[in-house]
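Peer 1: all I have is the shape, not the residue letters:
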């Protein structure tokens, strides 16, 4: 009888982690930043139907990089969890921390299971608070660990370089226009340090805006409003674009 092929548990976990990281790296990066009035999600995405960012609940947003079918299954599961918990208990009982714990358990179980391949995804779960101090951003890598982030976070193919760029330039209290421009500058940098242009049509942008009078704070930004924010030179123009968000862009919500 031949001796069965043996792989140590450490090597098996390392191989699974490398497999997942390579899958995530093939996708486009995205960034999540805090700004004065909330949290903004920015990513390069030419598709208008396959979204990287979505609303989970009233004050909670979801961002993902990697394989679309896998993170879409996780997003749907998160929406079901939030709806059930909010209906059973109270809407305030649905939190980003609780949702991140659910995702961590799911990703961790899949990663450690020998019967299926690890998910090639990296998630960000964010919740906007009543003030900037109450904002929460959690990053969940493929192995199910949870990282509590502050200020800015990047996930996807070129995440490390983009994170370093954001860490050096992101500041508390930035306007939406300033945060959006910084995010686009970070995403436009190639691995060799050179910059490329990302047109507004190839950007997917969404915000969790704490100033919205509605209970639901998630809103997508596209079209003329996005162009105004990317080209705004003064605070007055930025303020006008932000106020238009409540009345002009509701039709673009999910």
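Peer 2: That came through, no problem. Treat the numbers as computed from the prediction; the structure is a model and nothing was measured. Residues are numbered from 1 along each chain as shown.

Peer 1: so the residue nearest in space to the middle of the chain bridges to which residues?
Peer 2: The centroid of the chain falls nearest to residue 63 when counting by Cα atoms, centre = their mean (2.8 Å). Beta bridges link residue 63 to residue 53, residue 124 when assigned by DSSP bridges.

Peer 1: ok, now which ones touch it?
Peer 2: 30, 32, 41, 43, 52, 53, 123, 124, 126, 155 (Cβ atoms under 8 Å, 6 or more residues apart in numbering). Glycine gets a C-beta too; all of them are placed from N, C-alpha and C.

Peer 1: give me the pLDDT for it.
Peer 2: Per-residue pLDDT puts residue 63 at 97.

Peer 1: tell me which element residue 98 is part of?
Peer 2: Using DSSP states H and E, residue 98 sits within helix 96-112.

Peer 1: other residues contacting that helix?
Peer 2: Here helix 96-112 has contacts from 13, 16-17, 20, 56-57, 60, 74, 77-78, 81-82, 85, 116, 118-119, 121, 123, 125-127, 136-138, 140-146, using Cβ under 8 Å, 6+ apart.

Peer 1: among those residues, name the ones in strands.
Peer 2: 56, 57, 60, 121, 123, 125, 126, 127, 136, 137, 138, 140 (DSSP state E).

Peer 1: wait, the first one sits on residue 82?
Peer 2: Translated: residue 56. Yes - assessed by Cβ atoms under 8 Å, residue 56 is found in contact with residue 82 at 5.4 Å.

Peer 1: quick check: phi and psi on the closest residue to residue 29 other than its chain neighbours?
Peer 2: Excluding the flanking residues, the one nearest residue 29 by Cβ to Cβ, 6 or more residues apart in numbering is residue 156, at 3.3 Å. In terms of degrees, to the nearest 10, the main-chain angles of residue 156 are phi 110, psi -160.
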